[in-house]
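Q: After the sequence you'll find the predicted model.
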Amino acid sequence: MHDVEVIEDAHAAAAALDPVRARLLTELAVPASAAGLAARLGLARQKVNYHLKALEAHGLVQLAEERRHGGLTERVLRASAASYVVSPAAVSASAADPDAAADHLSASYLVALAGRLVREVGALARRAGASGARLPTMTIDTRIGFRSAADRAAFADDLTAAVLDLAARYHHDDGRPHRLVVAAHPLPEEESS
């Protein structure tokens with residue numbers, strides 16, 4: 001089971017976003033059979049089977065094991081990932097392009113950039129997983145409280161200078177290209193405390 005799976009297919013996204021199927025995906029963090037899920041969720045086994053087949057057709061659930069009970073075989077399934085992220089590519093072929101945004105300080109630019117990040121890293125992770133390779137990534141995630149807009153602007157200037165200095169020091173034209181994204185946004189109110 002993957003930690004996170006990026007869904008790029010529109011039909012798979014629709015399957016994962018259906019309320020009953022989304023609930024089944026949550027429940028299948030622990031492998032279960034259709035009968036077990038039906039009892040747990042209070043749904044008819046046939047209805048659960050119908051939804052599980054749709055999820056399995058899109059690779060969102062997979063066979064964990066088969067159990068024999070007399071002449072019957074019980075299929076035990078599990079979710080393919082602990083959580084899912086829907087790529088903007090699944091929603092629209094014309095996903096927001098950060099290169100088309102004129103204002104690099106706008107929220108729309110940041111959202112387009114985040115969408116590109118999900119698309120690119122999702123595709124790279126899928127390729128790496130298929131070949132058994134490890135995807136080299138690095139992430140820095142922290143919180144910082146600015147007392148004023150002037151402090152935030154000064155921080156942005158210092159951070160830009162530091163990143164440009166590091167990029168100049170470590171960049172080689174013949175090296176494998178990597179994308180570096182640095183972003184900042186206010187925390188939503190519910191996360192600020």
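A: In hand now; what should we look at? Every value quoted in this text rests on a predicted model; they were computed, and no experiment measured them. Residues are numbered from 1 along each chain as shown.
Q: a helix runs through T26, doesn't it?
A: Yes: per DSSP: H, G, I helix; E, B strand; the rest coil, T26 lies within a helix segment.
Q: Tell me where the model's unsure across this protein.
A: Counting by pLDDT under 70, the ranges of the chain that qualify are 1, 93-95, 191-193.
Q: And the strands in it, which stretches?
A: 2-7, 32-33, 61-69, 72-79, 81-86 (DSSP state E).
Q: Output the ones you listed as a markdown table; include the columns mean neighbour count and distance to H171.
A: Yep, even glycine has a C-beta here, placed from its N, CA and C like the rest. Shown next, in a markdown table, are the strands of the chain (neighbours: other C-beta atoms under 10 Å; distance: least, C-beta to C-beta, whole Å):
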| stretch | mean neighbour count | distance to H171 |
| --- | --- | --- |
| strand 2-7 | 17 | 28 |
| strand 32-33 | 20 | 50 |
| strand 61-69 | 12 | 41 |
| strand 72-79 | 15 | 40 |
| strand 81-86 | 16 | 30 |
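Q: Output the longest helix belonging to the protein.
A: Taking DSSP state H as the criterion, the chain has its longest helix at helix 107-131.
Q: Show me what that one is packed up against.
A: With contacts taken as 3 or more C-beta pairs under 8 Å, 6 or more residues apart in numbering; DSSP states H and E, helix 107-131 sits against strand 2-7, helix 88-91.
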